[in-house]
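In: Build me a structure from this.
(one chain, ligands or ions: 1)
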Amino acid sequence: MHATNLHKTYGKGEAKVEALKGVSVSIPVGQFTAILGPSGSGKSTLMHALAGLDTIDSGSIQLAGTELTALKDDQLTRLRAEKIGFVFQAFNLVPTLSAEQNILLPLQLAKQSPDQAWVDGIIDLLGLRDRLSHRPAQMSGGQQQRVALARALASKPALIVADEPTGNLDTKTSAEVLKVLRSCVDELGQTVLMVTHDLHAAALADRALVLRDGQIVADLAHPAETQLQGLI
Ligand SMILES: Nc1ncnc2c1ncn2[C@@H]1O[C@H](COP(=O)(O)OP(=O)(O)OP(=O)(O)O)[C@@H](O)[C@H]1O
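Out: You can find the predicted model right below:
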């Protein structure tokens, strides 16, 4: 994915906030990239723009050969369904459905038939085989987040976008979820973009982008937690 010179302003006059001030970034395929930064630095705005969830004022965003900024709403909706997998802090699973039904739901909604071998591989990689008939309320937070990750992966998306995926989890469960996110990159070759406040989580990424006041102020390969502490 390539984003060039992204600008986004909220509000007008005195209430005007420049959330993105000319951000350019390339997210290489098969890498785990973390976006960090203080509250209000523009992380959510950037992630929403890259994932086609929100519009920008100017700039270019290319994902898998498509210019996102040129798409109409319905085309964006289709692109998100086909090319982007989402993982949220709050899991966002459907409580009345089993783990397996939750995993397959986006494919069903997009009227796509699952690649059963791929879905089976994900279920095994994420250790969900013996949880498939359970509903979310019958699973731990870590298990629910793994179901959410399996759901995001089911369509073989070009990009996984994870928004504070460990924000609702204790330290031990966070570590477990980060480990599976890491295996999605290492074993499945997935591209993962994660917004986080957690420096330990960011240190597990291949790369950390640090935002401040709507600009990227650091771009670190194999970031160490101590290195990040000085920047946030
Ligand atoms: N809908 C909106 N209307 C007005 N201002 C907004 C809106 N969304 C974000 N902002 C402002 O834009 C700036 C960037 O916000 P953004 O949510 O992208 O930051 P963030 O780094 O994700 O923050 P946090 O870590 O607190 O979630 C902030 O100053 C914020 O107040």
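
In: Could you tell me which residues of the chain lie near the ligand?
Out: 10, 11, 17, 19, 37, 39, 40, 41, 42, 43, 44, 45 (CB under 6 Å from any ligand atom). (Glycine included, C-beta is placed from N, CA and C.)

In: Looking at the fourth one now. What's its pLDDT?
Out: Yep, that's residue 19 we're talking about. pLDDT, residue 19: 97.

In: what's the neighbour count on it?
Out: Neighbouring residues of residue 19 were enumerated by other CB atoms under 10 Å; the total is 25.

In: Tell me which residues touch it, please.
Out: Taking CB atoms under 8 Å, 6 or more residues apart in numbering as the definition of contact, the neighbours of residue 19 are 8, 9, 10, 42, 45, 214.

In: Among those residues, which lie within strands?
Out: With strands identified by DSSP state E, the entries of those that belong to them are 8, 9, 10.

In: Which of the contacts of residue 19 ranks first by neighbour count?
Out: Among the contacts of residue 19, where neighbours are counted by other CB under 10 Å, the top count belongs to residue 42, at 25 neighbours.

In: Correct me if wrong: it contacts residue 23.
Out: Yes - the criterion here is CB atoms under 8 Å, and residue 42 meets it with residue 23 at 7.5 Å.

In: what residues are shared contacts of those two?
Out: Listed as contacting both residue 42 and residue 23 by CB under 8 Å, 6+ apart are 211, 214, 215.

In: Quick one: the helices in the protein, in order.
Out: 43-50, 73-83, 99-109, 116-125, 141-153, 171-188, 199-202, 225-229 (DSSP state H).

In: got the ones you listed as a markdown table, with mean pLDDT and distance to residue 219 columns?
Out: As requested, the helices of the chain are exported to a markdown table (pLDDT from 0 to 100; distance: least, CB to CB, whole Å):
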| stretch | mean pLDDT | distance to residue 219 |
| --- | --- | --- |
| helix 43-50 | 95 | 13 |
| helix 73-83 | 91 | 24 |
| helix 99-109 | 95 | 32 |
| helix 116-125 | 95 | 29 |
| helix 141-153 | 94 | 25 |
| helix 171-188 | 91 | 18 |
| helix 199-202 | 92 | 12 |
| helix 225-229 | 90 | 12 |
